[in-house]
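1. no sequence on this one, just coordinates:
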């Protein structure tokens, strides 16, 4: 039966190589993050009503779609948890919904959707070049800061920026770029 299992493994790998393009296959050179951050243009989210919202951001690689979902706390002055998903986590709010499923946490909960995360095919397009990946990170960092500022202007006290895997890296990138959150909680992510 060993030949059968090896055959299945080889078939899986062969199909995956044909379906999923190589990461950074269209380029592994990029402007520094500082340049990508400076190039991002997006409107400050209004937070008119809870739920999912999409937005368009201008970047060095053109216009990209990002978004977020938020659930309000009992009052405007409650703290904010801004959470960034992991790479390829679709739907993007899956982890946050599972962790805070019907809990009594009285905080504004925000799930960020990075560019190139509307579908798995979209995620592959985002990983086609390092330039797109850097734009994705820059938009996420900028969106986190825009949302944080909006909640603070509405009266929120305290912000935690968190995320898993690449979402944790984005949380880490927010710190030197803005450093405005009260706390940072990168999960399964680190400088190594």
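-> All right, it came through fine. It should be emphasised that the depicted structure is a prediction, and the values quoted were computed from it without experimental measurement.
2. Now do the helices in this protein.
-> In the chain, the segments counted as helices under DSSP state H are 2-19, 33-39, 94-99, 120-126, 130-153, 166-177.
3. Low-confidence ranges, the chain, go.
-> Counting by pLDDT under 70, the chain shows low-confidence ranges at 1, 5, 8-21, 102-103, 190-192.
4. coming back round to it: would you convert the helices of the chain into a markdown table that also reports distance to residue 185?
-> All C-beta spots, glycine's among them, are computed from the backbone N, C-alpha and C. Below are those laid out as a markdown table (distance: least, C-beta to C-beta, whole Å):
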| stretch | distance to residue 185 |
| --- | --- |
| helix 2-19 | 33 |
| helix 33-39 | 21 |
| helix 94-99 | 12 |
| helix 120-126 | 24 |
| helix 130-153 | 13 |
| helix 166-177 | 7 |
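5. so which of those gets nearest residue 84?
-> Nearest of the helices of the chain to residue 84, taken as C-beta to C-beta: helix 166-177 at 3.4 Å.
6. Remind me what that closest one packs against, helices and strands.
-> Counting by 3 or more C-beta pairs under 8 Å, 6 or more residues apart in numbering; DSSP states H and E, the packing neighbours recorded for helix 166-177 are helix 33-39, strand 80-84, helix 130-153, strand 159-164, strand 183-187.
7. helices or strands up against the second one?
-> Contacts defined by 3+ C-beta pairs under 8 Å, 6+ apart place strand 80-84 against strand 108-113, helix 130-153, strand 159-164, helix 166-177.
8. Residue 25: which of these is closest?
-> Taking C-beta to C-beta, helix 130-153 is the member of the helices and strands packed on strand 80-84 nearest to residue 25, at 10.4 Å.
9. Now do that closest one: which elements does it pack against?
-> Applying 3+ C-beta pairs under 8 Å, 6+ apart, one finds that helix 130-153 makes contact with helix 33-39, strand 51-59, strand 62-71, strand 80-84, strand 108-113, helix 120-126, strand 159-164, helix 166-177.
10. how far off strand 51-59 does that helix point, in degrees?
-> Angle, helix 130-153 to strand 51-59, by axes from the mean of the first three to the mean of the last three C-alpha atoms, to 10 degrees: 130 degrees.
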